[in-house]
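Student: Predicted model, plus sequence, below.
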There are 4 protein chains.
Amino acid sequence: MRTRLGVAERDRVLVRGHDLTAELLGATTFTEMVGLILLGRRPSAGETRMLDALLVVLVEHGLVKPVVAARFVYSNAPESLQAAVAASLLGAGSRHLGSSEWCARMLQEAIAAFPDDTTDVIAARIVDDHERRGERIPGIGHRTHPDGDPRAVRLFELARETGTYGRHAELLEQVAASAGERRGRPLPVNVTGAIAAIASDIGFRWQITRGFALIGRTLGALGHIQEEMDEPISDELIRDIQASVSYEP
Amino acid sequence: MRTRLGVAERDRVLVRGHDLTAELLGATTFTEMVGLILLGRRPSAGETRMLDALLVVLVEHGLVKPVVAARFVYSNAPESLQAAVAASLLGAGSRHLGSSEWCARMLQEAIAAFPDDTTDVIAARIVDDHERRGERIPGIGHRTHPDGDPRAVRLFELARETGTYGRHAELLEQVAASAGERRGRPLPVNVTGAIAAIASDIGFRWQITRGFALIGRTLGALGHIQEEMDEPISDELIRDIQASVSYEP
Amino acid sequence: MRTRLGVAERDRVLVRGHDLTAELLGATTFTEMVGLILLGRRPSAGETRMLDALLVVLVEHGLVKPVVAARFVYSNAPESLQAAVAASLLGAGSRHLGSSEWCARMLQEAIAAFPDDTTDVIAARIVDDHERRGERIPGIGHRTHPDGDPRAVRLFELARETGTYGRHAELLEQVAASAGERRGRPLPVNVTGAIAAIASDIGFRWQITRGFALIGRTLGALGHIQEEMDEPISDELIRDIQASVSYEP
Amino acid sequence: MRTRLGVAERDRVLVRGHDLTAELLGATTFTEMVGLILLGRRPSAGETRMLDALLVVLVEHGLVKPVVAARFVYSNAPESLQAAVAASLLGAGSRHLGSSEWCARMLQEAIAAFPDDTTDVIAARIVDDHERRGERIPGIGHRTHPDGDPRAVRLFELARETGTYGRHAELLEQVAASAGERRGRPLPVNVTGAIAAIASDIGFRWQITRGFALIGRTLGALGHIQEEMDEPISDELIRDIQASVSYEP
């Protein structure tokens, strides 16, 4: 059995073959560390700027369910900051942030299966397949932002600026255009789709793309928990909830 | 009821008063975002370099208990990446990474209570108080690194380089020196102590200092979970455990 | 290294020395299993009736914070029932259900420290100590039920009926009476206090008394999650919350 | 918005229309409460005996991954019993205990889709379908117990004794027989399959059948955590793990 990640020795800690103290601390940003840990290499400057955007974009989205869950857990168990953050992460599931995983899988498997096809041919095939199976295409459409998710637009713009825009991003944009045309209404790429496509172009496997949301939301949860320390609203929220739900056995 | 953190509107997301798409994406690193969310302001360049080190330093420490827990949960529930990461965070408790919280509390409360005393006077009082109560001083001493935690030394060095070394760091170094003298053996500052002191000097309240570990370990857990996808060791580990523990009802 | 609990062999599973299939299944209720696992012995008939009440009493208390957290997590991650239940358990902390632990500790340590004193003498000492330190006494008083928690009254009644009422229960009732007298208003035993006292009389150590709440609330969370499948209210609840909290950066 | 489960009023708690204190405490076992909460009715005596077996059967299975995860989390965060239990539940995923959910789904959907077919016809269709799609049939076969899971045999025996054996159980036994015949080696029903079939016969929907494992494993985790308090083995286990895994960057 082996690990390639790291080891703690008596007088040093090694990470991916680097001495943590001598080589990494002070010389590596957290975002570069994301590359080192998950890609096994330091990302380029352009990739790092893009990764920063992928990490920043999901940090905060107002009072979504996971942050309310984190506030509720914290107010019951303030001795356990980590439990409140963990409760928040548990809400990053298939119907919330997890769709980036499915979108990345769809893109990576389609490109791997048809390496010689152009992306518009692959896009048409993806839209056909989903239509035939009656399934929603992951990574496009958004309830809060039906006219287009401004975060996704900006992420693709940044991907072009930073040289990280590649075949996966191109494919997803063509899927969105093609699906929108068929349905007769715009179905723009959403933020989890953009993250999935750009992360795929940088080299992340689809199974780990949800990680950007998990890192971002760890910070987001910490923000809400800290606010709950100063201006606790969870007691009033739960009373409102109890007052608005009737008991009908 | 109100929040100061963020809101998702129909065509924009606001974070701490900034338009996420127009102002933050592409212009803000994740580490700067840590400052914006938790301090309510963009950190300076020196502070950002220091914050990067505080976030990077705990990412990876080999096969510690929380990452093994994450691997075990993942191998049972691969459909739920977030649950494996959450299990890892749950292990950031009072005996593992949580001591940064207690150390930061000790430093912040002591400095707030005696604003006019010099740090060496405060340090002597802290060591006396703990000795009288028979309590361990948080933030000093380490089992794996008894001769001194190289990570802590480097963090203080960086604090001086980046202009973030202040009264809390000074106080902790004096506490460690004074406690070591009394016990007749070195009790150097450990990594969670250094994080606590430097984060306090930058302006983080003690209740949130464990957050650096939580962000770092979210990435660390993702690394181990990804490795478990390629080179699964959890089945063999659990068989070894079962073979080494005898059943004696 | 050893365990006294159980082992899975090729053709049988042993639990506390009993063959699970041949001896326990069909012959042991879940509540008796609670005794077998946590006390190391089958409880008597009276103890079992009492344990049933301790397990049943906390199952359901309306839309409290942990069950709302469970509903929010489930609606985001319906593929992961266990994560929603886990989020609910994370809310069983020091300010919610965890106080049973502190109450049991107080009772067990006081009785162990003064084996020869009568419980009224010990009760007076406990009330004095808490008054001097300015600390709330765990296990008495309740916000939702200020005039007395009917569940606690019934639990003590059952303890007398089942022969499980002992010195810990007596002590807590005297603590409540004495504290109420001092404050000039009733401070009746609350439900977590009654659980703590009765569980202590049956022989559970204080560190595990929170377990009754955890088992009960696992079932309670399952009930709410199942209801969320049929009559989802979490989407409407979160919209109400978002509408009632203003953004003021 | 409404709930049918319960409400906490000023001087009483109602659960499924019953006064908790006056009607349920002392008169309802925890296992009957499982029926009341999840089926909406008190189970019969036979059903209750069967439900007890379904709850008891998964409590303890030796040092499986989730209980080791619980021990690791507890030893790092002993202030948070609930977090260690939660970590254990997070390991009840698709590859461990979650298969009861899939098995119950398969049985319930097949019987609902073909109400007029005999179970042997439906069984043959299920085996064909899985063979054609190259998929494993959930609920049959077991690594630790290749010759037959004694727990499953006993559960079916009890189902017959208690009058809870019905079409779902019959169907699963025929599926196992038919699949074993095709593969030329026995593929007996395993414990999660038996739980799924019997729970389906009693009237539980497939989406909640994992709940039996979650309740049982909450107790199982408490047992291991309590043992860890007295005879801590997690420090030695983690050292063994670290010694047996080599670092090869």
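Tutor: Great, that's in hand. Numbers count the residues shown, from 1 in each chain, chains lettered A, B, ... in the order given.

Student: Any chance you could give me stretch A:125-143 in PDB, C-alpha atoms only?
Tutor: As requested, the backbone C-alpha atoms of stretch A:125-143 are provided in PDB (Å, rounded to 0.1, in the frame of the first residue of the first chain):
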ATOM      1  CA  ARG A 125     -25.200  13.700 -30.400                       C
ATOM      2  CA  ILE A 126     -25.400  14.600 -26.700                       C
ATOM      3  CA  VAL A 127     -28.600  16.700 -27.200                       C
ATOM      4  CA  ASP A 128     -30.100  13.800 -29.300                       C
ATOM      5  CA  ASP A 129     -29.200  11.200 -26.600                       C
ATOM      6  CA  HIS A 130     -30.700  13.200 -23.800                       C
ATOM      7  CA  GLU A 131     -33.900  14.000 -25.800                       C
ATOM      8  CA  ARG A 132     -34.400  10.400 -26.600                       C
ATOM      9  CA  ARG A 133     -33.900   9.300 -23.000                       C
ATOM     10  CA  GLY A 134     -36.100  12.200 -21.800                       C
ATOM     11  CA  GLU A 135     -33.300  13.400 -19.500                       C
ATOM     12  CA  ARG A 136     -32.200  16.900 -18.500                       C
ATOM     13  CA  ILE A 137     -28.800  17.900 -19.800                       C
ATOM     14  CA  PRO A 138     -26.600  18.800 -16.800                       C
ATOM     15  CA  GLY A 139     -24.800  22.200 -16.800                       C
ATOM     16  CA  ILE A 140     -27.400  24.200 -18.600                       C
ATOM     17  CA  GLY A 141     -30.400  26.200 -17.400                       C
ATOM     18  CA  HIS A 142     -30.800  27.900 -14.000                       C
ATOM     19  CA  ARG A 143     -33.900  28.700 -11.900                       C
END
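
Student: In it, which of the residues would be classed as buried?
Tutor: A:Arg125, A:Ile126, A:Val127, A:His130, A:Ile137, A:Pro138, A:Gly139, A:Ile140, A:Gly141, A:His142 (16 or more other CB atoms under 10 Å in any protein chain shown). Quick note: C-beta positions are derived from backbone N, CA and C, even for glycine.

Student: So A:Gln226 versus B:Trp206, what's the distance?
Tutor: Distance of A:Gln226 to B:Trp206, given as CB to CB, to the nearest Å: 11 Å.

Student: Actually, A:Val7.
Tutor: Taken as CB to CB, the span from A:Val7 to B:Trp206 is 31 Å.

Student: next one: A:Ile37
Tutor: 28 Å.

Student: which residues touch the most centrally placed residue in chain A?
Tutor: With distances taken as CA atoms, centre = their mean, A:Ala213 lies nearest the centre of chain A, 3.3 Å away. A:Ala213 makes contact with A:Leu58, A:Ala92, A:Leu97, A:Ser100, A:Thr192, A:Ile195, according to CB atoms under 8 Å, 6 or more residues apart in numbering or on different chains.

Student: If we check chain C, which of the residues you listed are in contact?
Tutor: By CB under 8 Å from any CB of the partner chain, the members of the contacts of A:Ala213 lying near chain C are A:Ala92.

Student: So for the contacts of A:Ala213, which is the shakiest by pLDDT?
Tutor: Across these, the bottom pLDDT score, 82, is held by A:Leu97.

Student: Let me see the ranges of the strands in chain A.
Tutor: For chain A, the strands defined by DSSP state E cover A:2-3, A:6-8, A:13-15, A:18-19, A:246-247.

Student: so which of those strands is the most packed in?
Tutor: Stretch with highest mean neighbour count among the strands of chain A: strand A:13-15 (a mean of 23; mean count of other CB atoms under 10 Å in any protein chain shown).

Student: Tell me the pLDDT of the closest residue in space to A:Leu171 that isn't next to it in sequence.
Tutor: In space, and not counting its chain neighbours, A:Leu171 is closest to A:Thr119: 4.3 Å by CB to CB, 6 or more residues apart in numbering or on different chains. On pLDDT, A:Thr119 comes in at 96.

Student: Quick check: A:Thr119 touching A:Ala169?
Tutor: No: contact criterion CB atoms under 8 Å: A:Thr119 and A:Ala169 do not qualify, at 9.4 Å.

Student: quick one, which of the two is more surrounded?
Tutor: A:Ala169 (25 against 22; other CB atoms under 10 Å in any protein chain shown).

Student: Roughly how far does the nearest residue to that one once chain neighbours are set aside sit from D:His96?
Tutor: Among residues not flanking A:Ala169 along the chain, A:Ala197 sits closest, at 4.3 Å (CB to CB, 6+ apart). Separation of A:Ala197 from D:His96 (CB to CB): 33 Å.

Student: out of those two, which sits in the busier spot?
Tutor: A:Ala197 (33 against 20).

Student: Tell me the confidence at the more buried one?
Tutor: 98.

Student: can you tell me which residues contact it?
Tutor: A:Cys103, A:Ala104, A:Leu107, A:Gly139, A:His168, A:Ala169, A:Leu171, A:Leu172, A:Glu173, A:Val189.

Student: Please repeat the previous calculation with a cut-off of 10 Å.
Tutor: A:100, A:103-104, A:106-108, A:139, A:152, A:155-156, A:159, A:165-173, A:175, A:189, A:209 (CB atoms under 10 Å, 6 or more residues apart in numbering or on different chains).

Student: Now for A:Leu14: which residues touch it?
Tutor: A:Leu5, A:Gly6, A:Val7, A:Ala8, A:Leu20, A:Glu23, A:Leu24, B:Glu60, B:Gly62, D:Tyr247, D:Pro249.

Student: which residue sits closest to the fifth one, ignoring its sequence neighbours?
Tutor: Spatial nearest neighbour of A:Leu20, chain neighbours left out: A:Val13 (4.2 Å); criterion: CB to CB, 6+ apart.

Student: Tell me what the one you found is bridged to.
Tutor: The partner list for A:Val13 in beta bridges (DSSP bridges) reads A:Ala8.

Student: got the residues of chain A near chain D?
Tutor: A:1-9, A:14-18, A:40, A:73, A:76-77, A:79-80, A:82-83, A:86-87, A:90, A:241-242, A:244-249 (CB under 10 Å from any CB of the partner chain).
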